[in-house]
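Q: sequence unknown, structure follows:
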């Protein structure tokens, strides 16, 4: 079993961070912004943009924006800017959406059908540079039927289309011309959401204020301050000193919190997975026997226990336990290194006496595994994966690089990737397993006609039972001929302060923090 390396730095700070009477660097950042009924949160990852068409809040819950639909705590779509649930045609290729007539943008302009049309047209227009276009490739056209009615025409039926209607809607004039990267919305969002941005000091903090004209009622929390750039020690101290009301934790930070802490730690299940892509064109990583053997040699339960500290679940396919109705319980791999060794020997991957690496016809069983150099969790998972591979005579060299340097090498080297959107199984499985996918989850270019056929049938089907059967068939076809090694589904972890009502646990997509997290429904919170 892989044994994690406990961070030495934490041993030094744990006695300090939890002692009484500490002063904290958060003071100078939060004292001046606490006013009225306000809340202060510490986020780890500061967004690069606040433009919904460039990826901000792609799964909804953007606080500055509303979509036509939203999701509740049970992942069920509910009307937001839409007056009611969208109406599909009999064949599922046309969807009609009626809009609320009492909604205004933060700049005071009224929401109309032209705004929805302009938003989605820009989202699918290659010239705009939209980063959400791939997920909307099913949309052929968007048409304004009248001032408050929009029609979406699809290229084919798409069972999870309502889940694509959470995209934040922006004023039509803000996407009328020019590339999105030049849009003022990147730093000055104008939406219909429950909060408006009043200050953003990049690298330090954001301040939001409640939208008093919000169509669903003004939030009771008047002001939200999101602080960036605080280290683990500062976040913990800030929570202990009540200068912070909530904070995001990295998985390894949640793992290393002392058991005796009095802070409230909550863990949310997620659809996020960590996986190792295996490039199809590589003479070793692309070999079917090597791929299957690696799936048998990896100790996923050990990774959950040792790397995640128990805050997660093993992953065998991209379909998580949070979608139990779609998961095939038989589509999994049993940890069996001896069987993996026998399989490799039967396929000609020999291990000579005294050697540690197998060879076949002069080719050593060796490849490189890349991971983002700013992600300690991926680094630890990569090390654990390499240890499991070594146990069956496959040598994996681990290398951390910036993401922009990883992408050009993804076709020839393995990569630790993360992805996941548990709002619908199509959003979870298609980007990762379908051969047409250009998502980062399929950087290894996995191509399995049986899997493709099942995913396509599930996407086109509108009957839930039939969709379930197709997704389970896709999983069975995948585990018979795997092209990645799915490792774990990490839980998302947070520190919560006292004094607030409204918290609801929720299953999250990969993106979280300012959008999802405990404050996914912050507009419904109030002070106790």
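A: Sure, I can see it. This one's a predicted model, so the numbers in the text were calculated from it and none came from an experiment.

Q: Show me the beta-bridge partners of residue 400.
A: residue 371 (DSSP bridges).

Q: Likewise for residue 276?
A: Going by DSSP bridges, residue 276 forms beta bridges with residue 416, residue 485.

Q: wait, what's in contact with it?
A: 294, 369, 382, 385, 414-417, 484-485, 487 (C-beta atoms under 8 Å, 6 or more residues apart in numbering). Every residue, glycine included, has its C-beta placed from N, CA and C.

Q: any idea which of those residues is closest to residue 519?
A: Lowest distance from residue 519 to the contacts of residue 276 (C-beta to C-beta) belongs to residue 417, with 27.0 Å.

Q: what does the longest helix along the chain rub up against?
A: Of all the segments of type helix in the chain, defined by DSSP state H, the longest one is helix 464-480. Helix 464-480 has contacts (C-beta under 8 Å, 6+ apart) with 159, 295, 316-317, 319, 325-328, 330-333, 425, 429, 433, 448, 450-451, 454-455, 457-458, 461.

Q: Please identify the buried residues of it?
A: For helix 464-480, a neighbour-count test (16 or more other C-beta atoms under 10 Å) marks 467-479 as buried.

Q: By mean pLDDT, point me to the weakest helix or strand of this protein.
A: helix 8-17 (a mean of 34; mean pLDDT, DSSP states H and E).

Q: could you say which helix or strand contains residue 378?
A: Counting by DSSP states H and E, the element that carries residue 378 is helix 376-390.

Q: Figure out how far that helix is from the centre of its chain.
A: 21 Å (C-alpha atoms, centre = their mean, to the nearest Å).

Q: need the strands for the stretch 251-400 of the chain, in chain order.
A: For the stretch 251-400 of the chain, the strands defined by DSSP state E, counting those that start in this stretch occupy 264-268, 273-277, 312-314, 359-360, 363-364, 366-372, 395-401.

Q: Most tightly packed of those strands?
A: Burial of these is given as mean neighbour count (mean count of other C-beta atoms under 10 Å); strand 273-277 ranks first at a mean of 27.

Q: got the angle for that strand vs strand 366-372?
A: Here strand 273-277 points in a direction 140 degrees away from that of strand 366-372 (axes from the mean of the first three to the mean of the last three C-alpha atoms, to 10 degrees).

Q: Strand 273-277 vs helix 376-390, what angle?
A: Using the same axes, to 10 degrees: strand 273-277 against helix 376-390 is 50 degrees.

Q: quick check, nearest of the contacts of residue 276 to residue 109?
A: Looking across the contacts of residue 276 and measuring by C-beta to C-beta, the closest to residue 109 is residue 417, at 40.4 Å.

Q: re the thing from before, dump the strands of the stretch 251-400 of the chain to a markdown table, plus mean pLDDT and distance to residue 101.
A: Compiled in a markdown table, the strands of the stretch 251-400 of the chain are given as follows (pLDDT from 0 to 100; distance: least, C-beta to C-beta, whole Å):
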| stretch | mean pLDDT | distance to residue 101 |
| --- | --- | --- |
| strand 264-268 | 92 | 35 |
| strand 273-277 | 97 | 41 |
| strand 312-314 | 95 | 45 |
| strand 359-360 | 96 | 68 |
| strand 363-364 | 96 | 67 |
| strand 366-372 | 97 | 46 |
| strand 395-401 | 98 | 51 |
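
Q: what's the average pLDDT for stretch 319-337?
A: Throughout stretch 319-337, pLDDT has a mean value of 94.

Q: Can you point out the buried residues in the helix holding residue 378?
A: For helix 376-390, by 16+ other C-beta under 10 Å, it's 376-389.

Q: Ok, stretch 212-228 next?
A: 214-216, 219, 221-228.

Q: on that earlier part again, now the two most distant members of the contacts of residue 276.
A: Largest separation among the contacts of residue 276 by C-beta to C-beta: 294 and 417, giving 15.4 Å.

Q: Ramachandran coordinates for the most far-flung residue of the chain relative to its centre?
A: The centre of the chain is farthest from one residue, residue 353, which by C-alpha atoms, centre = their mean lies 45.0 Å away. Here is the backbone geometry of residue 353 (degrees, to the nearest 10): phi -60, psi 130.

Q: So it versus residue 337, what's the distance?
A: Remark: distance between residue 353 and residue 337 (C-beta to C-beta, to the nearest Å) = 19 Å.

Q: closest to residue 244 among the buried residues of stretch 212-228?
A: Looking across those and measuring by C-beta to C-beta, the closest to residue 244 is residue 227, at 7.3 Å.

Q: unless I'm mixing things up, that closest one is touching residue 207, no?
A: No - applying C-beta atoms under 8 Å as the test, residue 227 and residue 207 come out as separate, 10.0 Å apart.

Q: Off-centre distance for stretch 187-197?
A: 22 Å.

Q: what does that stretch contact?
A: 49-52, 62-66, 81, 103-107, 111, 168-171, 174, 200, 206-211, 214-216, 218-219, 224, 522-523.

Q: Would you mark the buried spots in that stretch?
A: 189-197.

Q: Please work out the average pLDDT along it.
A: Computed over stretch 187-197, the average pLDDT equals 97.

Q: what's the spacing between stretch 449-467 and its chain's center?
A: The answer for stretch 449-467 is 23 Å, by C-alpha atoms, centre = their mean.
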